[in-house]
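Asks: Sequence first, predicted model second:
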Amino acid sequence: MPLVPEIGLPSPLLWLIIVPLSALLAAVPLGRRAARSMPIVAVVMPALALWLIVEVSLGGPQEHTLGGWTPPLGIALRADGLSAAMLLLTAVLGAAAGLFSIALYPPRGGDESAASGTFWALFFSLWAALNVVFLSGDLFNLYVALELLTIASVGLAALGSLAAAMRYLVFALFGSLAYLLGVVLVYARWGTLDLDLLGTMIDAEPATFLAAGLMTAGLLVKAALFPLHGWLPPAHGAAPPPASAVLSGLVVKAAFYILVRLWFDLLPALATEAFVQATGALGALAILVGSVMAIRAERLKLVIAYSTVAQLGYLFLIWPLAGGATGEMPWAAGAWTGGIFHAVAHGLAKAAMFLAAGLMIEAVGHDRLDGLAGLGRALPFTTFSFGLAAVSLMGLPPSGGFIAKWLMLTAAFAADELVWAGVILAGGLLAAIYLFRPLNRMLQKADPPELKPVARRRELLPMSLAALAILMGLAPGGLYALLQIGRPVAALEGLE
């Protein structure tokens, strides 16, 4: 039983939504002065996420019905180990990116442009939408949260490039339309959109297959899986660095999270061999194509952005590694857990990279690779943060990225899926190539460029995130145990 009613405290599930929504409502009239609330939010949100983790660890999956109305009439917020892990990741990255942004969008003085007044409303809106995604147990509520997330994300991208934001918006609208059509079909056929209720009644029939296909296609667009990734590099590369950190570390993971819920919780019986192999093939192509594009990029933020395209490909390898229509597969649990491990480790490392890149851009004035020679001597702390994050993205020990790839490789070898194992190994080698390029420039023995001063307290933010990505590999047991709480049967026995 949930522990919260017994100790007479309001549910952390509700507060995880109330706090960022309250910050959003305050940010609308306050404008740039909303930056003053960020230090408070940066403390409260991780504390709430940790509170939820304690509740889930001690009492199992948690549920809170809004207003006491149970589904299908009411709305239920639900959290298991996966939800709690993603909420903690959101709280940590949101706190780091928000604190980093105070210097860019301060409460007073400096730039008086519209961007300085709208950033905080967009930022808190994005945070609230992410938390709703990770707590919602209803397909339509997930759609509403995705739309709020899209609006906030496009707005943040527009602060860097209006053209990139418009491209993002076009892709996102097609994805939203496809997902909504699938939701409408589900409701028309089954009369409810609550995931738990649907799980007891949904069946493999033409309407269900069509709805699943539409929802999956829409979410793949929002997750920027190759070849639907065209909006991601320009948007993430042009956005302000803290916005890029949350867009790359969190926003694309929201669509992936919903796909995991759909296929492992609700629709495992629909996962045919052809579907899971096709999903794996797209993931493999994302790894290879994204890596090649990152190798060819000549701007630091574009290298990091194309790296996101590549690293997202690993997440979709859990579908073929978990099988399809082939019976029970005991290695599926390793594939599923490895994929979630990678999502968390990538979020930490990629946000650290974007924040480090932001400091370099502030210091040097640009992010061209050919102008970063000697930067390691001028900004050793920030360069070290970038290098630590690179260790995790390459999958080197002792990092969270290594644990994730180890789990997935173990599952691939256990399933005798040598092709997928080869893709994982090749992706690590390619990551070493495209990440060593900027690191090599930074560490060259050259006179450092003329720099603007960078506050050491801001350098601590990317360092903290990169260190957490490494700590995941040194002490993986806590996250591993958390992810097993409420784990779907399909994650244990395989999709079939």
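Replies: Looks like it arrived, so ask away. Residues are numbered from 1 along each chain as shown.
Asks: who touches stretch 425-432?
Replies: Surrounding stretch 425-432, the residues in contact under the criterion CB atoms under 8 Å, 6 or more residues apart in numbering are 287-288, 291-292, 294-295, 307, 310-311, 313-314, 390, 393-396, 405, 409. C-beta: built from backbone N, CA, C; applies to glycine.
Asks: Quick one: buried ones out of the residues you listed?
Replies: Applying a neighbour-count criterion of 16 or more other CB atoms under 10 Å, the buried members of the contacts of stretch 425-432 are 287-288, 291, 294-295, 307, 310-311, 313-314, 390, 393-396, 405, 409.
Asks: immediately after the one helix or strand residue 413 maps to, which helix or strand?
Replies: Taking DSSP states H and E as the definition, residue 413 sits inside helix 400-414. Sequence order places helix 418-442 as the next helix or strand after helix 400-414, per DSSP H and E.
Asks: average pLDDT for that following helix?
Replies: For helix 418-442, mean pLDDT is 93.
Asks: Can you check what angle separates that helix from helix 400-414?
Replies: Using axes from the mean of the first three to the mean of the last three CA atoms, to 10 degrees, the interaxial angle of helix 418-442 with respect to helix 400-414 works out to 160 degrees.
Asks: Of the contacts of stretch 425-432, which belong to helices?
Replies: Secondary structure from DSSP state H places 287-288, 291-292, 294-295, 307, 310-311, 313-314, 390, 393-394, 405, 409 of the contacts of stretch 425-432 in helices.
Asks: about what we covered before: centre of the chain to the helix holding residue 413, how far?
Replies: The chain centroid and the centroid of helix 400-414 are separated by 19 Å, computed with CA atoms, centre = their mean, to the nearest Å.
Asks: Dump that helix to CSV, restricted to CA.
Replies: The C-alpha atoms that make up helix 400-414 are tabulated as CSV, following Å, rounded to 0.1, in the frame of the first residue of the first chain:
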residue,chain,number,x,y,z
GLY,A,400,26.9,4.9,-16.7
GLY,A,401,27.2,4.6,-20.5
PHE,A,402,29.5,1.6,-20.0
ILE,A,403,27.0,-0.2,-17.8
ALA,A,404,24.2,0.5,-20.3
LYS,A,405,26.1,-0.8,-23.3
TRP,A,406,27.4,-3.8,-21.2
LEU,A,407,23.8,-4.8,-20.4
MET,A,408,22.7,-4.5,-24.0
LEU,A,409,25.8,-6.3,-25.3
THR,A,410,25.2,-9.1,-22.8
ALA,A,411,21.6,-9.4,-24.0
ALA,A,412,22.7,-9.4,-27.6
PHE,A,413,25.2,-12.2,-27.1
ALA,A,414,22.8,-14.2,-25.0
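Asks: who does it touch, helix- and strand-wise?
Replies: helix 300-315, helix 318-321, helix 332-364, helix 380-394, helix 418-442, helix 456-474 (3 or more CB pairs under 8 Å, 6 or more residues apart in numbering; DSSP states H and E).
Asks: so how far is residue 118 from residue 34?
Replies: Applying CB to CB, to the nearest Å, one obtains 10 Å for the distance of residue 34 from residue 118.
Asks: which one of these two has more residues nearby?
Replies: residue 34 (23 against 19; other CB atoms under 10 Å).
Asks: Got the confidence number for the more buried one?
Replies: We have a pLDDT of 87 for residue 34.
Asks: pretty sure it is touching residue 121, no?
Replies: Yes: contact status for residue 34 versus residue 121: in contact at 7.2 Å, counting by CB atoms under 8 Å.
Asks: shared neighbours, those two?
Replies: With contacts taken as CB under 8 Å, 6+ apart, residue 34 and residue 121 have residue 27 as neighbours in common.
Asks: any weak-confidence spans in this protein?
Replies: Regions of the chain meeting the criterion pLDDT under 70 cover residues 1-10, 109-116, 324-332, 448-449, 493-496.
Asks: quick one, which residue of it lies the farthest from its center?
Replies: residue 447 (37.5 Å; CA atoms, centre = their mean).
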